[in-house]
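# this is a predicted model, with the sequence first.
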Amino acid sequence: MSEDGVTQDRVTQDRVTQNDVTQDDVTTHQPHEPSEITFAEQYYPARPRHLRPKARLRGSQVPTAEQLGEPVGSNPSYVAWLRQESMLNDANVIARQFIGRGSMFQNPFARPDPRAAIQTASVWFTAYPISVIGRPGHSFLATLGDPPLWEAFQRIGIQGLHTGPVKRAGGIRGWSSTPSVDGHFDRISTQIDPAFGTEAEFRTMCETATEHGGTIIDDIVPGHTGKGADFRLAEMKVTNYPGIYHMVEIDPADWHLLPEVPEGRDSVNIGLETEDQLGKAGYIIGKLQRVIFHQPGVKDTNWSTTAPVIGPDGLRRRWVYLHYFKQGQPSINWLDPTFAGVRMVIGDALHSLTDLGSGALRLDANGFLGVEKSAVGLPAWSEGHPLSDAANQVIASMVRKVGGFTFQELNLTIDDIKITSEAGTDLSYDFINRPAYQHALAMADTEFLRLTLNASLNLGVNPVQLVHALQNHDELTYELVHFTTLHKDDLYDYHGEKITGGDLAVTIRGDLCDRLTGEAAPYNLIFSTNGIASTTGTVIAAALGYTRIDNLTDEQIRKIRQAHLLLAMFNALQPGVFSLSGWDLLGMLTLDPEKIAPLLATGDTRWIHRSAYDLMGFHPESEQPATGMPKAVSMYGSLPQQLKDQASFVSQLRRILLLRNRYGIATSTQVDVPDVSNKAMLVMVHQLNNPAEHQVTVLNFGSDPIIGTINSTHLDPGSVVVDMFTDEVIGEVDDLHSFSIALDGHQGRSLFLSPADGTGPLTEQDP
């Protein structure tokens, strides 16, 4: 028999077997459960956790194309150079390295596994490259790979480091690069930006993290790129490159519909009338559900048009392209017949995980991967589209296939998080409760926070699936998309009245703006329609009624620190990942807008909270960094300073994280967020790994002391109540499933409850 015949018989047998299994599944209605142990765990139990190939996947031996002649599409040298610079070209080379490799079949990938991700790293540090002040003579990546920093992280309890985007971003004009328009989230290459370091330094950082029990979390951006080589080739209509983007070629006969592109620009946003005309002409799908970063006269729609561009065939073309965000961020098309965009994103992900050595990836802008024309007169379907869910499943499954995990920043509804959690990313950013806990602090009232927590539980999203964060590089988001879109007409009980989701969102935004901006807090600024530019420290300062932050007293800083620890306890003493940044660790304040006026000129006020910070105290306090962002005031001091002071923010945070780790709170299950006897109090009840044991987080979001009653049917009468920080028995659950507790202003407590005949909480000496 021929080799082909043997192969065909085996294929036929495989198909018969597959059909038998499928029929069994249909008959018994039993879904397939993933194996409890993987092949690698069974046969290689001592294998290092992040054993990944270190081959240089891009084929660096290819000679660099020469820069000869004019940078136009009719110049073959320019087109060849662009193709060599493109991400799609790298992706094609990278993907070929994995064909037929057994390592691609050893890891389960079908279902998200948030607890496995949390066990890899449950506390994350979120960096922002242009804000980190490094060791003198060291790059950003070398600074983050410095062993003393990781020793400090290990002492504090930080296991994950999210680098933020560090690959080349911005654009290409002619032979030259143009700067990023969105903090390096407009990626144009798989190569590390030299401004941040080298690939060798990235790999060293990954190795250092592993030596200290940590892992590195990198970024991919499946929603858009910058205007790099891929976009320039797409404009020229070179092979499959236009298939990467949501872009449409406009017939020269219809160019009169397009606005002129000003001198020195390569594109211009189209107006509402042009959007309507192009939609009716069948070019584009028209108006979308919302215009993110809307700015009259600058961004009136989600579409821009290019200036005329010459292709290799000598033809001049104009295009209209989609961009959810800024004009320099053209959107990727996830359902083009070439699948060029899909290949590009997957190649970028494989490079980060298998070449650089990352253990996980953040998916940025991944909720906007599907757009579809709607009925006449209605906006196009652009949010919560099933294609986004399918694309997320593809990306997340590929990452799990090579042994990593993913998380997403999906600022949509709880329903969307529920859907994506079924087959997509392992974890989702907690956009629902983040503005809610800041609202609770601003108003000394937890009713809205309890509402959002219970809404998540009722819709099937447990906190163990979420990344609970203090500050990151973005604004305090108050769009509250869950309440303003799908649930805008739903009725909610709030302050004794029935209120629609849409009106509730308006009320909460009003409270936040009144208390945290304007005359009450001029050091915080509103950002577009998205939220408030602020640090955690300046949110707290505003909540405490401080109208100025230029000369805070020691007592005021102590009160800010106390409330800061309260917010840390809310995020850390519940299931899921706890994430924080250098702005939190060092207690940074916002920048004086006059110091960064050029950055604010476009209306992006977020730059006031992206100040530079010096984690390890490498430079004198008064010294401003030579590059990157200017310094703001640090209320708490460097990590080495704080670790020497038991009363410091970091030292007290360390005790919280030790307790969180000791009791397995990160992988517990939230079972109740009960009503409270005082509006400033919040209670969260969690079932620990032993179903008979519970942990209760109790927080006072007000500045005044309170005495309250905790009541939950999940608490068994007779259970002993123990303060986890002191091991002191403070009470017993009565026959009404309740007990009393006292809290000082902005105090949090973590309580252990077990049946009266239980073993009690772990002690300091317990493993």
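Done, it's in. Numbering: from 1, shown residues only.
# okay, the residue nearest to the spatial centre of the chain and residue 366: tell me how far apart.
The structure's the chain has its C-alpha centroid closest to residue 409; by CA atoms, centre = their mean the separation is 3.8 Å. The spacing between residue 409 and residue 366, counted by CB to CB, to the nearest Å, is 8 Å. No exception for glycine: its C-beta is placed from N, CA and C like everyone else's.
# that older thread, what sits closest to the residue nearest to the centre of the chain if chain neighbours are left out?
residue 429 (4.3 Å; CB to CB, 6 or more residues apart in numbering).
# let me see the contact set for that neighbour.
Contact analysis of residue 429 by CB atoms under 8 Å, 6 or more residues apart in numbering lists 407, 408, 409, 410, 411, 466, 467, 469.
# among the residues you listed, which lie within strands?
407, 408, 466, 467, 469 (DSSP state E).
# beta partners of the last one?
Assessed by DSSP bridges, residue 469 has beta-bridge partners residue 579.
# how much space separates it from residue 546?
Distance from residue 469 to residue 546, by CB to CB: 23 Å.
# again with the fourth one
Counting by CB to CB, the separation of residue 467 from residue 546 is 29 Å.
# ok, those two, which is more surrounded?
A count of neighbours by other CB atoms under 10 Å puts residue 467 above the other of residue 467 and residue 546, at 28 against 18.
# name the helix or strand of the chain that has the lowest mean pLDDT.
helix 3-28 (a mean of 35; mean pLDDT, DSSP states H and E).
# hang on, the earlier thing: for the residue nearest to residue 409, give its distance to residue 571.
Distance from residue 429 to residue 571, by CB to CB: 12 Å.
# what do these two both touch?
Common neighbours of residue 429 and residue 571 (CB under 8 Å, 6+ apart) are residue 469.
# got the phi/psi numbers for residue 754?
According to degrees, to the nearest 10, the main-chain angles of residue 754 amount to phi -140, psi 160.
# quick one: contacts for the closest residue to it other than its chain neighbours?
Spatial nearest neighbour of residue 754, excluding adjacent residues (CB to CB, 6+ apart): residue 693 at 4.7 Å. Going by CB under 8 Å, 6+ apart, residue 693 touches 687, 752, 753, 754, 758.
# among those, which one has the most neighbours?
residue 753 (26 neighbours).
# in which helix or strand would I find residue 753?
Under the criterion of DSSP states H and E, residue 753 resides in strand 748-754.
# can you spell out which helices and strands pack onto that strand?
Applying 3 or more CB pairs under 8 Å, 6 or more residues apart in numbering; DSSP states H and E, one finds that strand 748-754 contacts helix 554-572, strand 694-700, strand 720-723, strand 738-743.
# with only the CA atoms kept, save it in PDB.
Only the C-alpha atoms of strand 748-754 are listed here, as PDB (Å, rounded to 0.1, in the frame of the first residue of the first chain):
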ATOM      1  CA  GLY A 748     -10.700  47.800  56.700                       C
ATOM      2  CA  ARG A 749     -10.700  44.500  58.500                       C
ATOM      3  CA  SER A 750     -10.400  40.900  57.200                       C
ATOM      4  CA  LEU A 751     -12.200  38.200  59.200                       C
ATOM      5  CA  PHE A 752     -11.900  34.400  59.300                       C
ATOM      6  CA  LEU A 753     -15.000  32.400  60.100                       C
ATOM      7  CA  SER A 754     -15.200  28.600  60.600                       C
END
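# what lines up beside that strand in the sheet?
Strand pairing (DSSP bridges) places strand 748-754 next to strand 694-700 (antiparallel), strand 720-723 (antiparallel).
# go ahead and confirm residue 451 touches residue 492.
Yes: Residue 451 is in contact with residue 492 according to CB atoms under 8 Å; the separation is 6.4 Å.
# so for the two, which sits in the more crowded spot?
When residue 451 and residue 492 are compared on other CB under 10 Å, the one with more neighbours turns out to be residue 451, at 19 against 16.
# what's the spacing between that one and residue 482?
Residue 451 is 11 Å from residue 482, by CB to CB.
# before we move on, what about residue 533?
22 Å.
# what of residue 524?
From residue 524 to residue 482 the distance is 24 Å (CB to CB).
# residue 662 too?
Using CB to CB, we find residue 662 at a distance of 34 Å from residue 482.
# show me the beta-bridge partners of residue 317.
Here residue 317, judged by DSSP bridges, has bridge partners residue 309.
# related to what we said a few turns ago, so what touches the strand holding residue 753?
By CB under 8 Å, 6+ apart, the list of residues contacting strand 748-754 reads 565-566, 569-570, 573, 656, 659, 663, 665, 690, 692-700, 715-716, 719-725, 730, 733, 741, 743, 760-761.
# of those, grab the buried ones for PyMOL.
Here is the PyMOL command that selects the buried residues among the contacts of strand 748-754 (16 or more other CB atoms under 10 Å):
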select buried, resi 565+566+569+570+573+656+659+663+665+693+694+695+696+697+698+699+700+715+719+720+721+722+723+724+733+741+743+761
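# tell me the contacts of residue 269?
With CB under 8 Å, 6+ apart, residue 269 has these contacts: 298, 299, 300, 301, 303, 304, 327.
# try 7 Å this time
By CB atoms under 7 Å, 6 or more residues apart in numbering, the contact list for residue 269 reads 298, 299, 300, 301, 304, 327.
# can you flag the buried ones in those?
Buried, going by 16+ other CB under 10 Å: 299, 300, 301, 304, 327, out of the contacts of residue 269.
# for the last one, which non-adjacent residue is closest in space?
Distances taken as CB to CB, 6+ apart put residue 304 closest to residue 327, at 5.0 Å, once the chain neighbours are dropped.
# pretty sure the one you found is in a helix, no?
No: secondary structure of residue 304 (DSSP: H, G, I helix; E, B strand; the rest coil): strand, not part of a helix.
# all the strands of the stretch 401-550 of the chain, residue numbers only.
For the stretch 401-550 of the chain, the strands defined by DSSP state E, counting those that start in this stretch cover 405-408, 427-429, 466-469, 476-477, 491-494, 497-500, 525-527, 531-533.
# export those strands to CSV and tack on mean pLDDT?
Output for the strands of the stretch 401-550 of the chain, formatted as CSV (pLDDT from 0 to 100):
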stretch, mean pLDDT
strand 405-408, 95
strand 427-429, 95
strand 466-469, 98
strand 476-477, 94
strand 491-494, 98
strand 497-500, 98
strand 525-527, 96
strand 531-533, 97
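# could those strands be laid out in CSV, adding distance to residue 582?
Putting the strands of the stretch 401-550 of the chain into CSV (distance: least, CB to CB, whole Å) gives the following:
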stretch, distance to residue 582
strand 405-408, 19
strand 427-429, 18
strand 466-469, 13
strand 476-477, 17
strand 491-494, 36
strand 497-500, 38
strand 525-527, 20
strand 531-533, 17
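# which one of these lies closest to residue 86?
The minimum distance between residue 86 and these falls on strand 405-408, with 24.4 Å, by CB to CB.
# restricting to C-alpha, output the closest one in CSV.
The C-alpha trace of strand 405-408 is given here as CSV (Å, rounded to 0.1, in the frame of the first residue of the first chain):
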residue,chain,number,x,y,z
PHE,A,405,-2.7,33.4,29.7
THR,A,406,-4.5,36.6,28.7
PHE,A,407,-6.5,39.4,30.2
GLN,A,408,-8.6,42.1,28.5
